[in-house]
Each structure stands twice: as structure tokens, then as C-alpha cells.
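Undergrad: Please find the sequence and the predicted model below.
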Amino acid sequence: MAGTPLVMLPGLLNTRRLFEHQIAGLSDIADCIVPELWHHDTMAALAGAALAAAPRRFALAGFSMGGYVAFEILRQAPERVERLALLDTQAVPDTPEATKRRQGLLEQTKIGRFHGVRPSLLRQIVHRSHLRDTAITQPIVDMAREVGAEGFVRQQTAIMGRPDSRPLLVDIRVPTLVIVGREDRATPPPQSQKMAADIATSRLVVVEECGHMSPLEKPDDVTAALRGWLTP
């Protein structure tokens, strides 16, 4: 029997490798599709490309920036989404301070100073207990290298231009899973708690001893939560 079509949307400087554990662990119940999200510089275009690669109806899981793309998919084609999972993401737009930081990174990148993911950034996105675990940190570095400077510029441009997705939340009616690392500093748990509170059909899972990169940091926990969401 064919599995549930599951479109999985990676985050900033991420590739399919982010979800390797989930793809393998859910292979008996899900047929996973992971679009490359670094070829366009608007959320509308990224969502359109993901929809073009997806079947008519599918479950949708978005991590971090992938969550922003998931919200745009809900704007463009809500009738195609059967289930929704939001991992370490947020519905709010950037603050002016966050936009300024992103613009600074883009300026550095455009003059050739793109260095991928450095140790200083890893400390911001990975739980302190995982910083010496190369099974977690090396994929993050490798994925950033694969996306590269041009992909990074396009992704950051799309992120800065994204709309406020909070008005969408109250209209979501499909089974929804919200996952967040307990010590996620990039998209802190209060943001996930607010999203879950506004989505009537949601369930919130807080992953302990975990930073922002939950699919890599706590793969068993994330895969188990997704399995329960896909097979309620």
C-alpha cells in the first residue's frame, strides 16, 4: 500500500539531509518529497515551486524557514494540505532589528564573505550538549556549503519579505503538530505555544535538551511525533 505523500520543507541553509532520519523512519507510512528551497527569492515563488513538485493532496511539514513556506502554501492552495506540521518555526514577521541583521549578512555575502555555518552560529542553533557531536554539527556545515552564497542570499531575501502569518492560524482546520526544542533560541518556545493556542486542531510537542535543529538533535523524538501525527 502506498504511503501518505509528505512534503517536507527544510530551513535556511538546509537540504534534504536535514530530514534523513525522518525519511527513513517513516518510510513504511510516508512517501517523502523534499523540495530544494534556495532557487527563488520570494515566499510566493518558493511555495509555488513546492506545490509544483507535490501531488494533488499531501501532508505538509515545514522546519524553520520551511514553516514560512508552509504558511504561504496555505495561502495559495489550502485545499491541498491534509495535515500540517510546524517544526521550530514562527508565524510572526521579522522585527526591524532582525531585518537589519539579515541585511548586514547579505551585504557581507555579496562582497564575498559567506562562510557558511561557523561555530559562533552553531552555538545559537544547537543545544550546548550537542556542540561536540559531529553527527549533528557536520551535516549543518555540509548543508550550508551545498546551498552556497547565492542560495543564502535568495533565502534571506525571501525571509525578509514574508508576510505576517498569524491571521492564518485561526483558519487552520487540519490536524496540526507543533514541535519546538525546549531551548530553541532562534524561534523560542513561546512562539510555538502561541501558534498552537491559535490553531484549534493542534498538538504541541516540546523536545527536551534540544535547540533549534530538532530533526538532527533529537531525531527519534521528532520522528515519533511525526508518526503519531500521520497515524492518529
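TA: In hand now; what should we look at?
Undergrad: by contact count, what packs against the top helix by length along the chain?
TA: Longest helix of the chain, by residue count under DSSP state H: helix 134-160. Contacting helix 134-160 under the criterion 3 or more C-beta pairs under 8 Å, 6 or more residues apart in numbering; DSSP states H and E are the following elements: helix 43-53, helix 65-76, helix 96-110, helix 119-125, helix 214-217. C-betas here are computed from N, CA, C, even on glycine.
Undergrad: Now it: average pLDDT?
TA: Here the mean pLDDT over helix 134-160 is 94, rounded to a whole number.
Undergrad: pLDDT score assigned to residue 62?
TA: Model confidence at residue 62, expressed as pLDDT, equals 98.
Undergrad: Pick out the residue nearest the middle of this structure.
TA: Centre of the chain computed as the mean C-alpha position; nearest residue by C-alpha atoms, centre = their mean is residue 63, 1.4 Å away.
Undergrad: picking that back up, give me the next element, helix or strand, following the longest helix of the chain.
TA: Going down the chain from helix 134-160, the next helix or strand is helix 166-169, by DSSP states H and E.
Undergrad: could you give the mean pLDDT of that following helix?
TA: Per-residue pLDDT values over helix 166-169 give a mean of 97.
Undergrad: Just the CA atoms of it, as PDB, please.
TA: Output for helix 166-169, consisting of C-alpha atoms alone and laid out as PDB, is shown next (Å, rounded to 0.1, in the frame of the first residue of the first chain):
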ATOM      1  CA  ARG A 166      -0.700  35.000  12.500                       C
ATOM      2  CA  PRO A 167      -4.000  35.800  10.800                       C
ATOM      3  CA  LEU A 168      -3.900  32.400   9.000                       C
ATOM      4  CA  LEU A 169      -3.700  30.400  12.200                       C
END
